[in-house]
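In: Structure for the following, please:
(one chain, ligands or ions: 3)
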Amino acid sequence: IPTFLQNVLQNGISKELNTRELEIGELNFLHTTDTHGWLGSHINQANYDADWGDFVSFASSFKRQKVGKSRDLILIDTGDKHDGNGLSDATVPNGRISTEIFNEQDYDLLTLGNHELYTAENTILEYYSTALSQKFKDAYVSSNVEFVTDDGDLVPFGSKYRYFETHNQNIRILALSFMFNFQRTNPRARVSPATSIFQQDWFKQMVKQYPQDKVDVIVIFGHMPITDPEAHEINHVHTTLRKLYPETVIQYFGGHSHIRDFAVFDERATGLQSGRFSETVGFLSIDKIKSGAPEFKRRYIDFGKHSFAYHSGVSRQTKKGQDLSLKIASVRQELNLNEVIGHVPTSYYMYSKPITSKHNIYNLLVTKVLPRLKSDQTDETKSRFIIINTGSIRYDLYKGNFTKDTEFIVSPFPNDWNFVEVPLSLAEGVADYLNEGPVLYTSMAPPGARSRKRHPESCPFIHDPKLSKGYTTRDDFGCDGDDVPHNTELYFTVPNVVQSVELKPTDGVNVHLVFYSFIQKDILKALNELGETRLSGFEHFTDRDCKRYGGASTKELLKEYIRDGE
Ligand SMILES: O=c1ccn([C@@H]2O[C@H](COP(=O)(O)O)[C@@H](O)[C@H]2O)c(=O)[nH]1
Ligand SMILES: [Zn+2]
Ligand SMILES: [Zn+2]
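Out: Ligands and ions are numbered 1, 2, ... in the order given. Okay, the predicted model is just below:
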């Protein structure tokens, strides 16, 4: 037994982790979200050093040792399982092996995220290997997403809802799951607005069959942020549900915005969101469920071996967990994810260094990496602007080995480059236009900024070099949600887009504006609005004016830059 666990077992406290026991209630939940293929642990970050085998072990030991036979535990995931790590992205199709590994966890409720809907192959894989699987056919719920069959028929993506009773306390649960209003689905799926389901026959029938007196807890889990200052989707859902179930306890589990978050909806309803990239396991408990005054407790557990051992009281993996960790290690070998391509001389950060810093990753991209882009479709004698959305970069680039895995971690998307030839006077306004507008898809605004509208005041800054760097979370219950205090990360704002500009002195008035096909609609909107105000007799640009630019993806360019050195 490691010394730290001996301390825990003898004294009930963890000096090393500086944490305290979880407050177990009648009904308990462990929640993951936005894992994005991070099933093989964070090799560079000691506090997130657990892999999926450790997590599977933890959930079963925690249930056995801490929850016991008199209380209940429900395990939930809220989607986004692709795009962000070599384990999912280095296979064809993307997720071929990581889906099998992920599905080893015994989830009671699970659903899909938008990353299961960008490509048809991911949607088909998710539908057949998970939603329809023998193991998850009851647990997989999606109330507002449908799958399009080979014949073009629309069928529910899993169950529309799930009603069940817990084993120990016989708590009657009614669970529904909502995807945010995602508009970029491939043709094999359809997402309807969440609130539209309240008009549908199956929903009305469900309310009739399971009215308030037959339900103890409503669980709404889905790929939708629990704090949504722009669209308020979850709040619209809550308003309707509360009318139908005025007294029932409602517990939300959200995702998509990648933050640790907890929100109080009313005295009988709260929501939990559990971060991203297997950095967090969210814990939530509800006590006094039938008293009319339920008590909610929440905690954000770091996805690390020490945290798991402390909270389960067991430091050894289960046989199943051990086998899974061995499988993950061998899949990583098979996919050559540890293959060293180059050396990163210093770390580059997304938001813990200002964008003007030479340690900021966007700064590195626009000054050193994007200028390496070469078109295989058009001449390159013209001046050019290369614009990328900051949301396309997903993780910090750490000092040390740059491996095959690193490529996918930093920039997982195989985005195509397109371009449009435009007057210089328009091109130079596009980035500012997009940055002054609303959030472009998910920008990589830092976690604090994404919940700041709700909590303008932040938690006390922790500066203790002995602690690991990480989150200091402010939520509706205050500042004590992080299971382990971290040395607070500094956050600087990140714009919607960044650009690399190459102006050639001999050039005419037209330039090439190069961008990811993913943001073409936004580029056209910017050009057309700027054109209308800046140029007389302006004619709108359309998709037909946008041509393929070709050339290597950002992930390739970054890899080559690191391999070649400065
Ligand atoms: O091809 C793509 C696909 C996605 N993105 C970026 O990712 C987010 C969505 O990721 P979540 O994990 O669902 O938040 C999207 O808004 C884009 O910012 C991309 O750049 N290219
Ligand atoms: Zn996500
Ligand atoms: Zn998402």
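
In: correct me, but Leu467 touches Asp302?
Out: No - checked against CB atoms under 8 Å, the pair Leu467 and Asp302 is beyond contact range at 11.3 Å. The way it works is simple: take the backbone N, C-alpha and C, and place the C-beta from them, glycine included.

In: and the closest residue to ligand 1 within the stretch 401-550 of the chain, how far is that from ligand 3?
Out: The nearest approach of the stretch 401-550 of the chain to ligand 1 comes at Tyr441, 2.8 Å away (CB to the nearest ligand atom). Separation of Tyr441 from ligand 3 (CB to the ion, to the nearest Å): 10 Å.

In: for the residue lying closest to Pro371 once chain neighbours are set aside, phi and psi?
Out: Distances taken as CB to CB, 6 or more residues apart in numbering put Ser500 closest to Pro371, at 5.7 Å, once the chain neighbours are dropped. Backbone torsions of Ser500, given as degrees, to the nearest 10, read phi -110, psi 130.

In: which element is the closest residue in space to Ala231 that isn't next to it in sequence on?
Out: Nearest residue to Ala231 in three dimensions, chain neighbours excluded: Asn181, at 6.9 Å (CB to CB, 6+ apart). Asn181 belongs to no helix or strand when elements are defined using DSSP states H and E.

In: Surely Asn181 touches His236?
Out: No - contact criterion CB under 8 Å: Asn181 and His236 do not qualify, at 10.5 Å.

In: which residues are common contacts for these two?
Out: By CB atoms under 8 Å, 6 or more residues apart in numbering, Asn181 and His236 have these common neighbours: Ala194.

In: Let me know the secondary structure of the residue lying closest to the residue of the stretch 401-550 of the chain closest to ligand 1 once chain neighbours are set aside.
Out: Once flanking residues are discounted, Tyr441 sits nearest to Gly391: 5.4 Å by CB to CB, 6+ apart. Following DSSP: H, G, I helix; E, B strand; the rest coil, Gly391 is assigned to helix.

In: Find the closest residue to ligand 1 in the protein.
Out: Gly391 (2.1 Å).

In: Model confidence score at that residue, please.
Out: What the model reports for Gly391 is a pLDDT of 93.

In: next one: Asp483
Out: Looking at Asp483, its pLDDT reads 96.

In: what about the residue lying closest to it once chain neighbours are set aside, how many neighbours?
Out: Among residues not flanking Asp483 along the chain, Ile301 sits closest, at 4.6 Å (CB to CB, 6+ apart). Neighbours of Ile301 under the rule other CB atoms under 10 Å: 24.

In: again with Leu87
Out: 27.

In: Repeat that for Leu490.
Out: The number of residues packed near Leu490 is 13, by other CB under 10 Å.

In: got it, and the one 5 residues further on?
Out: The number of residues packed near Pro495 is 19, by other CB under 10 Å.

In: Who is Gly342 paired with across the strands?
Out: Phe402 (DSSP bridges).

In: Please list all residues in contact with Asn435.
Out: 495-497.

In: give me the element it is part of.
Out: Element membership for Asn435, per DSSP H and E: helix 424-436.

In: The closest residue to Phe58 other than its chain neighbours and Ala329: what is the separation?
Out: Among residues not flanking Phe58 along the chain, Phe308 sits closest, at 3.8 Å (CB to CB, 6+ apart). Distance of Phe308 to Ala329, given as CB to CB, to the nearest Å: 18 Å.

In: between the two, who's got more neighbours?
Out: Each of Phe308 and Ala329 has its neighbours counted (other CB under 10 Å); Phe308 has more, 25 against 14.

In: That one touches Ser60, doesn't it?
Out: No - counting by CB under 8 Å, Phe308 stays clear of Ser60, with 11.0 Å between them.

In: what helices or strands is the host helix or strand of Phe253 leaning on?
Out: Here Phe253 is covered by strand 249-254, with elements defined by DSSP H and E. When contacts are defined as 3 or more CB pairs under 8 Å, 6 or more residues apart in numbering; DSSP states H and E, strand 249-254 sits against strand 27-32, strand 217-221, helix 233-244, strand 260-266, strand 269-274, strand 280-287.

In: hmm, back to that, specify the beta-bridge partners of the residue nearest to Pro371.
Out: In this entry, Ser500 is beta-bridged to Ile386, by DSSP bridges.
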